[in-house]
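Colleague: Have a look at this fold, sequence not included:
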């Protein structure tokens, strides 16, 4: 099969790879669409020790099942493979399973014509649903998981909270779309990429903020801060922006450098929530949200042939696209 393989820092190559063969309890899926995730970009930059080249990246996947009991169905793939029997899995926190694996991390991912997954990780969707749209289920599940955790910690509905989203990539963009759908109108998204800020204005209708050129945000000004970048600079600005008694949701994993203002966190009872991935329930809810049109028409997605994946990575790396999501088509 053809695949896009991460071979070195800032290098992905479109080449022939062996066809995957399903084992017991697994299914072969013919990939229809696979999105480029920010974590794939971290690997591309050589900053993810868990992703060792040569490796097929990619975990935001939609395809047609080619083997097993569900042959012929269109599915969204839950790329997080867990044991299903530990205390975390038993209590609905499968994303925290100590044995969790993610395709495109150590296992072969989905920038290819085919991928193999456990049948339990396949979520059936209507064949009428656009596979490009459905490929957003994975980042949507991450956003839903984060917002649900924030909702459980908030004393007021999310719609009432003055909210700052840091980062207008896919997870930040979708978080803003969902918040706007919940009725949140006091919403600001911080994004350094100018064309992407224009996309946020056009498709979300929120306020945008340029961290490089705009005046600094006021301190203690937001009830809820969602950090979809996760870098030293965003942690510093995000903690400065959150109100006493507010909520700071940390999703991004750009780096682990820098300090977190523990003094403010303690003296002003700021709730800090770490977010990793999603549960199986989040994935199902995300697929249903897309099917029901809760994210709008999704016309902001950009598609490229898998064969042009190297150029897509380079364009994302250099900020040449206004879209927060490029989806590759085998």
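Modeller: Good, I have the coordinates. Note that the structure is predicted; figures quoted are calculated from it, not measured.
Colleague: show me where pLDDT drops low in the stretch 1-150 of the chain?
Modeller: The stretch 1-150 of the chain contains no residues with pLDDT under 70.
Colleague: Now do the closest residue to residue 144 other than its chain neighbours: how many residues are near it, please.
Modeller: Among residues not flanking residue 144 along the chain, residue 282 sits closest, at 5.2 Å (CB to CB, 6 or more residues apart in numbering). For every residue, glycine as well, the C-beta is placed using N, CA and C. Neighbour count for residue 282, taken as other CB atoms under 10 Å: 24.
Colleague: I'd say residue 282 and residue 141 touch.
Modeller: Yes: using CB atoms under 8 Å, residue 282 is in contact with residue 141, at 4.2 Å.
Colleague: so what sits against both of those two?
Modeller: Residues touching both residue 282 and residue 141 (CB atoms under 8 Å, 6 or more residues apart in numbering): none.
Colleague: How about the secondary structure of the closest residue in space to residue 51 that isn't next to it in sequence?
Modeller: Nearest residue to residue 51, sequence neighbours excluded (CB to CB, 6+ apart): residue 43, at 3.8 Å. Under DSSP: H, G, I helix; E, B strand; the rest coil, residue 43 falls in the helix class.
Colleague: got it, and residue 258?
Modeller: coil.
Colleague: For it, which residues are in contact?
Modeller: 231, 232, 233, 235, 236 are the contacts of residue 258 under CB under 8 Å, 6+ apart.
Colleague: Quick check: phi and psi at it.
Modeller: In terms of degrees, to the nearest 10, the main-chain angles of residue 258 are phi 80, psi 170.
Colleague: Now do it against residue 178, distance only.
Modeller: Residue 258 is 28 Å from residue 178, where distance means CB to CB, to the nearest Å.
Colleague: do residue 230 as well
Modeller: Residue 230 sits 19 Å away from residue 178, going by CB to CB.
Colleague: mind listing the strands in the stretch 201-330 of the chain by residue range?
Modeller: Secondary structure of the stretch 201-330 of the chain, counting by DSSP state E, counting those that start in this stretch: strands at 207-209, 222-227, 242-250, 271-274, 302-305, 326-329.
Colleague: Out of those, the one nearest residue 22 is which?
Modeller: strand 326-329 (22.3 Å; CB to CB).
Colleague: For residue 9, grab the count of nearby residues.
Modeller: Residue 9 is flanked by 11 other residues according to other CB under 10 Å.
Colleague: what's the nearest residue to it once chain neighbours are set aside in contact with, if anything?
Modeller: Leaving aside its chain neighbours, residue 9 sits nearest to residue 46 (3.5 Å; criterion: CB to CB, 6+ apart). Contacts for residue 46 (CB under 8 Å, 6+ apart) come out as 8, 9, 10.
Colleague: go on, residue 300?
Modeller: 173, 199, 202, 203, 322, 323, 324, 325.
Colleague: Show the buried residues in those.
Modeller: 173, 199, 203, 322, 323, 324, 325 (16 or more other CB atoms under 10 Å).
Colleague: separation between the fifth one and residue 48?
Modeller: In this structure, residue 323 lies at 23 Å from residue 48, with CB to CB as the measure.
Colleague: And for the third one?
Modeller: Applying CB to CB, one obtains 29 Å for the distance of residue 203 from residue 48.
Colleague: try the last one
Modeller: Shown here: residue 325 relative to residue 48, a distance of 19 Å by CB to CB.
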